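> sequence unavailable; structure follows:
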């Protein structure tokens, strides 16, 4: 695979990094996201008390961390998968190498994001958010592994029967 072709496989990770950088601004602080999330929530589910909204908003944001970083980590995985394609042996070893590097990249990005937010007025920085981000990445890779295990077993059975 050419270097240019390999670079194309990094586009999902680069898009994910760009989204994280945008979300790491003051514009995406809790007070600002509440302004546009609350009307959407009200339109979909009806009115909610301010106290109840505070809890819902908190969970929307934490789930956003979990899912968002899971997707970013899969973007890193795709980049590493393509980059390491010629170096890996078995599919399982290839997965392990690419997933490990993707998880490390995700941890570094999540840590940078929280550090960056600590420097911005109106933003909070929590180590627990790095944990949520990493947990989302880990779950995404476990789901990917489950899907790939089914694919590998199916291919193996077909090869035996051929």
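That came in fine, so what should we check first? Values in this document were obtained by computation on a predicted structure and should not be read as measured data.
> how about the helices in the chain?
3-8, 11-23, 30-45, 50-83, 91-118, 127-161 (DSSP state H).
> and the second one, what's buried?
Same thing as helix 11-23. Neighbour counts over helix 11-23 (16 or more other C-beta atoms under 10 Å) mark 12, 13, 16, 17, 20, 23 as buried. Bear in mind the C-beta positions are built from the backbone N, C-alpha and C, glycine included.
> quick check, nearest of these to residue 48?
Nearest to residue 48 out of those is residue 23 (C-beta to C-beta; 23.6 Å).
> who are the contact partners of that closest one?
Listed by C-beta atoms under 8 Å, 6 or more residues apart in numbering, the contact partners of residue 23 are residue 68.
> ok, and the closest non-adjacent residue to the spatially most central residue of the chain?
In the chain, the C-alpha nearest the mean C-alpha coordinate belongs to residue 69, at 2.1 Å (C-alpha atoms, centre = their mean). Nearest in space to residue 69, with sequence neighbours left out and distances taken as C-beta to C-beta, 6 or more residues apart in numbering, is residue 133 at 3.8 Å.
> do the same with residue 60
Using C-beta to C-beta, 6+ apart, the nearest residue to residue 60 is residue 37, at 6.2 Å.
> and for residue 38, the neighbour number?
Neighbour count of residue 38, defined by other C-beta atoms under 10 Å: 16.
> please work out how many residues are found near the nearest residue to it once chain neighbours are set aside.
Nearest residue to residue 38, sequence neighbours excluded (C-beta to C-beta, 6+ apart): residue 53, at 6.0 Å. Using other C-beta under 10 Å, residue 53 is surrounded by 17 other residues.
> per-residue pLDDT, residue 53?
Looking at residue 53, its pLDDT is 95.
> gap between it and residue 34?
Noted for residue 53: a distance of 7 Å to residue 34, by C-beta to C-beta, to the nearest Å.
> what's the answer for residue 136, then?
Noted for residue 136: a distance of 22 Å to residue 34, by C-beta to C-beta.
> so which residues make contact with stretch 136-144?
With contact meaning C-beta under 8 Å, 6+ apart, stretch 136-144 is reached by 65-74, 77, 99, 102-103, 106-107.
> so who does the residue nearest to residue 69 touch?
65, 66, 68, 69, 106, 107, 110, 113.
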